[in-house]
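Engineer: quick one, structure for this:
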Amino acid sequence: MNKKYTYLLGASLLALSITGIANNQPATNNHKKNLVSYAQNKSNNSTDNKAINDASIVSQIKDKINKDSLLRNIPLEISSEYGNVIISGLVDTKLQAEKIVVIAQSNKWTKNIDTENLKIKNSKQPLTDSYITAKVKGALLRDMPLNIKIPKNIHIETKNKIVYLSGYASSQAEVDEIINTVKSISDISNIENNIQIKK
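Structural biologist: Numbers count the residues shown, from 1 in each chain. Got it, this is the predicted structure:
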């Protein structure tokens, strides 16, 4: 068998092998093992990354809360599931509750916050609007450029789940960015924008 024939035969076998895989022909045992191993590794890595990210979110939120003199001694339970943060606890004042929510929402990985079990002592008033305002503040602190100050530049108020924005920004693009960030908060029903563009 000459070299030219051997080369052509080898190339043909390789082409047939590739064609078989492309056409969903039965894979060899080694090929099957490799595919299973790849799938398992991918699944494990995805789970590990999710666990690490959620652990990081909780750790970062707790760290910021513990650095705040108004909040550090409050017993809180904080957990996260794919960036959806759940906060439980009993605080003394509305200000404390709002600060906790602002801190949690300002974390770059936080998607949403469940505040159903974050309560204020001796208060039976619904806190839905207060928590929405706190979430909006946190989201703006997370997403906005440093020249946007809250409440110096942007004032936020919530009534019946409607978010009212006022203040000033330097451009329409900045206003649009603020609106898009506010829209990311799932609890709101509408946005009333009264932000002025500063000349």
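
Engineer: what strand or helix carries the residue lying closest to K198 once chain neighbours are set aside?
Structural biologist: Closest residue in space to K198, ignoring its immediate chain neighbours: Y168 at 4.3 Å, by C-beta to C-beta, 6 or more residues apart in numbering. Yep, even glycine has a C-beta here, placed from its N, CA and C like the rest. Here Y168 sits within strand 162-169, counting by DSSP states H and E.

Engineer: against which helices or strands is that strand packed?
Structural biologist: helix 128-143, strand 154-159, helix 172-183, strand 190-197 (3 or more C-beta pairs under 8 Å, 6 or more residues apart in numbering; DSSP states H and E).

Engineer: and the shortest one, what's buried?
Structural biologist: In terms of neighbour count (16 or more other C-beta atoms under 10 Å), strand 154-159 has its buried residues at I154, I156, T158.

Engineer: worst-scoring helix or strand of this structure, pLDDT-wise?
Structural biologist: helix 3-22 (a mean of 43; mean pLDDT, DSSP states H and E).

Engineer: tell me the spacing between V182 and Q105.
Structural biologist: 12 Å (C-beta to C-beta, to the nearest Å).

Engineer: returning to what we had before: just the angle between the strand holding Y168 and strand 154-159, please?
Structural biologist: 170 degrees (axes from the mean of the first three to the mean of the last three C-alpha atoms, to 10 degrees).

Engineer: just the C-alphas of strand 162-169, formatted as CSV.
Structural biologist: These are the backbone C-alpha positions of strand 162-169, laid out as CSV (Å, rounded to 0.1, in the frame of the first residue of the first chain):
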residue,chain,number,x,y,z
ILE,A,162,-47.1,55.1,41.8
VAL,A,163,-43.6,56.5,41.9
TYR,A,164,-43.3,60.3,41.6
LEU,A,165,-39.9,61.7,40.5
SER,A,166,-38.8,65.3,40.6
GLY,A,167,-35.5,67.2,40.6
TYR,A,168,-33.1,67.8,37.8
ALA,A,169,-30.7,66.0,35.5
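
Engineer: and it, which strands flank it?
Structural biologist: According to DSSP bridges, strand 162-169 forms sheet pairs with strand 154-159 (antiparallel), strand 190-197 (parallel).

Engineer: could you dump these to a markdown table with mean pLDDT and distance to I86?
Structural biologist: Below are the strands paired with strand 162-169 laid out as a markdown table (pLDDT from 0 to 100; distance: least, C-beta to C-beta, whole Å):
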| stretch | mean pLDDT | distance to I86 |
| --- | --- | --- |
| strand 154-159 | 95 | 21 |
| strand 190-197 | 96 | 26 |
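
Engineer: distance to R72 added to those, as a markdown table?
Structural biologist: Below are these laid out as a markdown table (distance: least, C-beta to C-beta, whole Å):
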| stretch | distance to R72 |
| --- | --- |
| strand 154-159 | 26 |
| strand 190-197 | 34 |
